[in-house]
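*Asks:* Below are the sequence and a predicted model; questions follow.
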There are 2 protein chains.
Amino acid sequence: MTTNSAILTPELIALAHRLADASGAVIRPYFRTENGVVDKADGTPVTKADREGELAIRAILDVERPGDGIWGEEFGANDLDADYVWTLDPVDGTKAFMTGKPMWGTLIGLLHRGVPILGIIDQPWLKERWIGGLGLPTTFNGQRVQVQSVDRLADAVFSTTALDMFTGDKVVPFDRFCRSVKLISWGGDCYHYGLVASGFLDGVIEAELKLHDVVALAPILQQAGGYLTNWDGSLIRMGPDPTIRYKVVASGSAKLHAEALAVLNA
Amino acid sequence: MTTNSAILTPELIALAHRLADASGAVIRPYFRTENGVVDKADGTPVTKADREGELAIRAILDVERPGDGIWGEEFGANDLDADYVWTLDPVDGTKAFMTGKPMWGTLIGLLHRGVPILGIIDQPWLKERWIGGLGLPTTFNGQRVQVQSVDRLADAVFSTTALDMFTGDKVVPFDRFCRSVKLISWGGDCYHYGLVASGFLDGVIEAELKLHDVVALAPILQQAGGYLTNWDGSLIRMGPDPTIRYKVVASGSAKLHAEALAVLNA
């Protein structure tokens, strides 16, 4: 399928909802009952939920969007040179999932020629869903949401998931960032970005994210009036190497975002 | 009221549930709608929810247990030399509450002559409640729960709330602890202890907790088959100075707990 412009049709949006419904139905029964930990080659803990959730989504896409590409956390890449590429992370926040903490989510993103045009953060256990995309203002369970944030870093509450994201050359910028904000709140993975879109949290600072972690988040933030960029200020894109790790910062105000970037790059 | 032995009557247990019901009804409407931040003298963020929740509990205790003492986060101490003393923290996890993350909880504890004999962790927004006490096996929403944990620190997933708990002479032991466990999961406040009692999480390591943060937790862990002690291995007690800060470790197995204490005190 080749198209010159990205068009987010009502059919595509409805399909995205159905993908999240399907993965949620598969994943939900595993939470707090059986975490099904298995080890991938790299030793990362993953769950049966993750694998079966991705298979549920792929089964639908194979039938309804056979020409689209897929970049999935569990089952890898297909047709990344297609105009439309779906990015899938059925259980973002594996540690939270494994420990019974409902701060994980299912991430479904859609790229058009490398540009994120649609994103879903779905929390099937809490029955909460954020969706946003091109021409689609961000909603939370169907209700329009909007960022609401302070403008100064010194007044801002930022979240991050875990300290071990910030190793090597990220130690110093992260430490400087922590000393510049009012508060750092810990833990939360993708759920944090929904809270920024909903106006509860001023921002998120993270690193070591993969393509399937970030594509869904960008449209949700942007269509709620917020910002999500790489630490160097560039927008999230799928580049020639889809395996790169992303250092991202999200925030709810232009002034705040500019100050955050300045501190990270000082 | 003077008694020689602690007796946790059905009436006291029913009262504890009613206290949590009353505070939850007051607190719930403030979550994700108005966080009502005000500054205490020390600048700690607190919420209207916290204050009104404690008042709701105190109103009941004033009528039904006028002879008991109260140690509340917001409105201080009364009659700490009474045989029975209630400890109250209506919103434990203020940062989570303020940022829309449902990982906060209401803590209600009961001391008999300084010894914790009853605890509740209530999450009124998720409608989740852990309760445990003397002769009262720990339940989660009415269902009996039991710890389930690995025995070796190297295999264990521990949680902690925030890095800024570990300053001064706690930096080195905490760093050693982090290097001894399999994973540290971040964020969660009191909710983590419930997850250990329910068998989802192996343990929790924290510091800088106040009396009203710890009293409720100890019976919940112990009556689920787990352990909660100070870092020096001693049990949680109200001592002559109720304002001291507690460094606590909770875990789901005797072997794991012994190893955790050994690493903290190496």
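*Replies:* Structure's in. What do you need? As the structure is a computational prediction, the values presented were derived from the model and not from experiment. Numbers count the residues shown, from 1 in each chain, chains lettered A, B, ... in the order given.

*Asks:* quick one: contacts for the residue of the stretch 51-200 of chain A found nearest chain B?
*Replies:* Per Cβ to the nearest Cβ, A:Gly187 is where the stretch 51-200 of chain A lies closest to chain B, at 2.2 Å. Backbone N, C-alpha and C define where each C-beta goes, glycine included. For A:Gly187, the contacting residues are A:96, A:101, A:103, A:159, A:161-162, B:103, B:185-188, by Cβ atoms under 8 Å, 6 or more residues apart in numbering or on different chains.

*Asks:* hmm, try it at 10 Å
*Replies:* Residues in contact with A:Gly187 (Cβ atoms under 10 Å, 6 or more residues apart in numbering or on different chains) are A:93, A:95-96, A:101, A:103, A:159-162, B:96, B:101, B:103, B:159-162, B:185-189, B:192.

*Asks:* Can you pull the phi and psi angles for it?
*Replies:* Per-residue torsions, A:Gly187: phi 90, psi 140 (degrees, to the nearest 10).

*Asks:* cool, the one 5 residues further on as well?
*Replies:* A:His192 has phi and psi values of phi -60, psi -40 when expressed as degrees, to the nearest 10.

*Asks:* Now do it: how many residues are near it, please.
*Replies:* 31 (other Cβ atoms under 10 Å in any protein chain shown).

*Asks:* Give me the pLDDT value at it.
*Replies:* For A:His192, the model assigns a pLDDT of 95.

*Asks:* hang on, isn't it packed against A:Ser185?
*Replies:* Yes. Counting by Cβ atoms under 10 Å, A:Ser185 is a contact partner of A:His192 at 8.2 Å.

*Asks:* what do those two both touch?
*Replies:* Joint contacts of A:His192 and A:Ser185 (Cβ under 10 Å, 6+ apart) are A:158-160, A:201, A:204, B:99, B:101, B:187.

*Asks:* Can you say which helix or strand has A:Val91 in it?
*Replies:* Assessed by DSSP states H and E, A:Val91 sits inside strand A:84-92.

*Asks:* Next SSE downstream of that strand?
*Replies:* Next in sequence after strand A:84-92, counting helices and strands by DSSP H and E, comes helix A:94-98.

*Asks:* Please work out which residues outside that next one touch it.
*Replies:* Contacts of helix A:94-98 (Cβ under 10 Å, 6+ apart): A:27, A:30-32, A:35-37, A:44-47, A:49-50, A:73, A:90-91, A:101-105, A:125, A:161-162, A:187-191, B:103, B:157, B:159, B:183-188, B:200-201.

*Asks:* Only the buried subset of these, as a ChimeraX command please.
*Replies:* Applying 16 or more other Cβ atoms under 10 Å in any protein chain shown to these, the buried members can be selected in ChimeraX as follows:
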select /A:27,30,31,32,35,45,46,47,49,50,73,90,91,101,102,103,104,105,125,161,162,187,188,189,190,191 /B:103,157,159,183,184,185,186,187,188,200,201
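
*Asks:* Tell me, how many residues neighbour A:Gly119?
*Replies:* Residues near A:Gly119, counting by other Cβ under 10 Å: 31.

*Asks:* what do you get for the one 3 residues further on?
*Replies:* A count of neighbours around A:Asp122, defined by other Cβ under 10 Å, yields 29.

*Asks:* Equivalent analysis for A:Gln222, please.
*Replies:* A:Gln222: 23 neighbours (other Cβ under 10 Å).

*Asks:* Next: the one 10 residues further on.
*Replies:* Residues near A:Asp232, counting by other Cβ under 10 Å, number 10.

*Asks:* Quick one: residues contacting the residue lying closest to it once chain neighbours are set aside.
*Replies:* Of all residues not flanking A:Asp232 in the chain, A:Asn265 sits nearest, at 6.9 Å (Cβ to Cβ, 6 or more residues apart in numbering or on different chains). By Cβ under 10 Å, 6+ apart, the contact list for A:Asn265 reads A:173, A:176, A:231-233.

*Asks:* List only buried entries from those residues.
*Replies:* A:173, A:231.

*Asks:* The contacts of A:Asn265 in strands, which ones?
*Replies:* Judged by DSSP state E, strands contain none of those.

*Asks:* Up against chain B, what does the stretch 101-250 of chain A have?
*Replies:* With Cβ under 10 Å from any Cβ of the partner chain as the criterion, the stretch 101-250 of chain A meets chain B at residues A:101-103, A:125-126, A:128, A:140, A:157-164, A:178, A:182-189, A:191-192, A:194-196, A:198-202.

*Asks:* Understood, closing this out.
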